[in-house]
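> Show me the folded form of this:
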Amino acid sequence: MQTISPSQFKIGLLRNIHLSMLRWFACNSPFQTLRVAMYRKAGVSIGKPRMFGGHVWIDLWAPVKIEENVLLGGYTFILTHSWIGNAKVAPVTIKRNVEIGVRTIIMPGITVGENATVGAGSIVTRNVAADTVVAGNPARLIRTKEKTKGV
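A predicted model of the protein is given here:
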């Protein structure tokens, strides 16, 4: 068992309190730019979003990367840890041009591929391939998107 000094404990405690406050402000801010800025300050990698809904909860146990032009519906949970069954802590990646519906839950270790769409209320337990539409509990493939030729 590793012992830590009282000063290390205080530093760790203050860091956790700091991250918790940033996440709370990010989740509850009425302004998209403030939500994104707070999550960036807390360590989440976020590109320029198309829309970043209100009350989005991003877990901070492992890295989360959200690329540019992502539409993230409100009340979405992005989890990087789970203690149900086998304990799991893993990063989450959301690629470019992804649309995620309201009240979606993304479980630890998930990668959502480019141009994918996740239906509202879905629980994503497996990786989502690029150019697909998934929905449900657990999220299942609904269809594959047709690639459009240059306009």
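> Flag the shaky bits of the protein, pLDDT-wise.
Low-confidence segments of the chain (pLDDT under 70): 1-4, 9, 12, 148-151.
> Scan it for its longest helix.
Longest helix of the chain, by residue count under DSSP state H: helix 6-28.
> Which secondary structure elements does the next helix or strand after that one sit against?
Next along the chain after helix 6-28, taking DSSP states H and E as the criterion, comes helix 32-41. Secondary-structure packing of helix 32-41 (3 or more C-beta pairs under 8 Å, 6 or more residues apart in numbering; DSSP states H and E): helix 6-28, strand 45-46, strand 51-52. All C-beta spots, glycine's among them, are computed from the backbone N, C-alpha and C.
> ok now the second one, how far from the chain's centre?
When you say that, I think you mean strand 45-46. 10 Å (C-alpha atoms, centre = their mean, to the nearest Å).
> what's it in contact with?
Residues outside strand 45-46 that contact it (C-beta atoms under 8 Å, 6 or more residues apart in numbering) are Val36, Tyr39, Arg40, Phe52, Pro63, Val64, Lys65, Ile66.
> same deal with the first one?
With C-beta under 8 Å, 6+ apart as the contact definition, helix 6-28 has outside contacts at 4, 34-36, 38-39, 41-43, 54-58, 60.
> Make a ChimeraX selection of the buried ones in those.
Here is the ChimeraX selection string for the buried members of these, based on 16 or more other C-beta atoms under 10 Å:
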select :35,36,38,39,42,55,56,58,60
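> Looking at the contacts of helix 6-28, which is nearest Arg96?
Distance from Arg96 was checked for each of those by C-beta to C-beta. The minimum falls on Val36, at 15.8 Å.
> State the distance from the closest one to Ile11.
Val36 sits 27 Å away from Ile11, taking C-beta to C-beta, to the nearest Å as the criterion.
> try Gly113
39 Å.
> re the thing from before, which pair in the contacts of helix 6-28 has the greatest spatial separation?
The largest distance within those, taken as C-beta to C-beta, falls between Ile4 and Gly54 and amounts to 37.5 Å.
> which residues touch Ala120?
With contact taken as C-beta under 8 Å, 6+ apart, Ala120 is in contact with Gly73, Gly101, Val102, Arg103, Thr104, Ala135.
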